[in-house]
Structure formats: structure tokens, C-alpha cells
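>>> no sequence for this one, just the structure:
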């Protein structure tokens, strides 16, 4: 695990140096993030112009959910999506050999090579929105709730990564895997609202098929004092299951990989 983080740090520095050549991308990313944030805030303002709470969630608490949603989306676009996109292209072009022949675990290598530095804007913006939400809620955040939030956020990021990896591994057999990624992005937008607001069938799908509930709602519950020990244990157990399954799916896919030189 430590070696994986060291590799990620190395590749992150290289990617950052490459991206710094195109600094105009920072302003484009900032504009996109501000438009998305403004749209979300406008929707919240419209909703709470008719009610004081939504299924027991106050405007400040839903703002916290939005902050986590933006923060997790930033993590996805900074680390997960760039690596999975590159992996998909290399599988389809038959050039994955360059990664597989390196003296490191293949899953680690394909998961840490890319780092989209400008997408960090969303991470910072998500943190700002979270601080704003906590100020509006007015509850003093304890050290325990902050620690639970960090753990829940980490588990949620691991779950999202595992799902992305399994989707991307389908590229060993299918060509149009990008459509699944776009579907995932569309479903992730449902995380702007607590999953408890959705019908039971959709709530189950957003919890165990596309783990938006664990990635967004659970960390928000940790900050707002709604998280139960049972939910945290389920999140930890489900993360372990996804990690094991995605690992097996990855190795199964590798056995079906055909390089361009084969």
C-alpha cells in the first residue's frame, strides 16, 4: 500500500509538470465548476423557497450533501477517470504491454499513472461548500465526526474506483464501454440528493449497484450527525467485497487481453 502511494506521488508530479504547460485549462475548469455550482445552488434555492426541510433534511444539511458530491466528483475526475480512460484506450489499441511489463503490480500501475491537476478545483470547491454548509447548520463538528467523515469519504472513493475498474475491464471483451461510463456519470448526478429521498428500488440501485449512497450520502451523514454505527460497518464490509471482486475481475480480464504484437 505504501509503495502504491509512492508510485502515485511520482506519477502525480510528472502529470502536474505536463499539465502546467496548458495553464489556460485551469480557467476553463474553474468556469465549468462555477457554472455547475451556481446551477446546484439555484435548484436548492428554488426547492427551499417552498419548504423548510426536505424529508427531514434542512437546507444547510443538503448543502453539505452537495459539497460532498462536488468533492467526490473532483476525486473521480482527478484520479479515477483519467487512469481508467487511459486503460480503456490501451486495451482497445493493444498497447497495455507497456504497463504490464513493468516490475510492479499491474492493477496498481494502471490505477496511478494519470493525475488531472486542474480537476483539483472541484475538490477545493467541494471543501469550501462543506465549510459553508457547516457554518449554516451551526452544529460544532467534533473530532469524532470529522474522523468518521474522512473514513467514509475514503471508503466511498474506493468503492467508486472498484466500480470504475470493473466497468473498464469490460474493454477486454467489448468496444463501446465508454457508454457505460457515461451512464455511470448520469447516475452519479443523483447523489446531489440524499438517497433516502428516492423510491426503494432506486435507492437499492444507488447503494449496491452504483454506490452513490456510500460515496456521497454516508459521508454527509457523518458530518451532520446522522450516521449510525451499523451504516458504517456495512460501508466497510461492502468496500472490502468490492475490492476483492474488482481484483478478481481485473485478473480474469487480463487473461483475455491480446496485445497489438500478438
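Okay, I see it. For clarity, every value in this text was computed on a predicted model and none was experimentally measured. Numbers count the residues shown, from 1 in each chain.

>>> what ranges do the strands span in the stretch 1-150 of the chain?
53-54, 57-58 (DSSP state E, counting those that start in this stretch).

>>> Low-confidence bits of the stretch 151-262 of the chain, can you list those?
For the stretch 151-262 of the chain, the stretches flagged by pLDDT under 70 are 259-262.

>>> What segments of it are strands?
Under the criterion DSSP E, counting those that start in this stretch, the stretch 151-262 of the chain carries no strands.

>>> Run through the helices of it in chain order.
Along the stretch 151-262 of the chain, the segments classed as helices by DSSP state H, counting those that start in this stretch run 178-188, 200-204, 212, 218-224, 229-254.

>>> Quick one: distance of the last one to the chain centre.
For helix 229-254, the gap between its own C-alpha mean and the chain's C-alpha mean amounts to 15 Å (CA atoms, centre = their mean, to the nearest Å).

>>> Just the buried residues of it, please?
231, 232, 235, 238, 239, 242, 246, 249, 250, 253 (16 or more other CB atoms under 10 Å). All C-beta spots, glycine's among them, are computed from the backbone N, C-alpha and C.

>>> closest to residue 128 out of the helices of the stretch 151-262 of the chain?
helix 218-224 (14.2 Å; CB to CB).

>>> Mind giving me the packing neighbours of that closest one?
helix 59-75, helix 120-137, helix 143-169, helix 229-254 (3 or more CB pairs under 8 Å, 6 or more residues apart in numbering; DSSP states H and E).

>>> If we use 10 Å, what do you get?
If contacts are counted by 3 or more CB pairs under 10 Å, 6 or more residues apart in numbering; DSSP states H and E, helix 218-224 sits against strand 57-58, helix 59-75, helix 120-137, helix 143-169, helix 229-254.

>>> Sort out which residues of the third one are buried, please.
Going by neighbour count (16+ other CB under 10 Å), the buried part of helix 120-137 is 120, 121, 122, 123, 125, 126, 129, 130, 133, 134, 137.

>>> Let me have these in JSON lines, adding pLDDT as columns.
Output for the buried residues of helix 120-137, formatted as JSON lines (pLDDT from 0 to 100):
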{"residue": "120", "pLDDT": "88"}
{"residue": "121", "pLDDT": "91"}
{"residue": "122", "pLDDT": "92"}
{"residue": "123", "pLDDT": "93"}
{"residue": "125", "pLDDT": "93"}
{"residue": "126", "pLDDT": "92"}
{"residue": "129", "pLDDT": "93"}
{"residue": "130", "pLDDT": "91"}
{"residue": "133", "pLDDT": "90"}
{"residue": "134", "pLDDT": "87"}
{"residue": "137", "pLDDT": "83"}
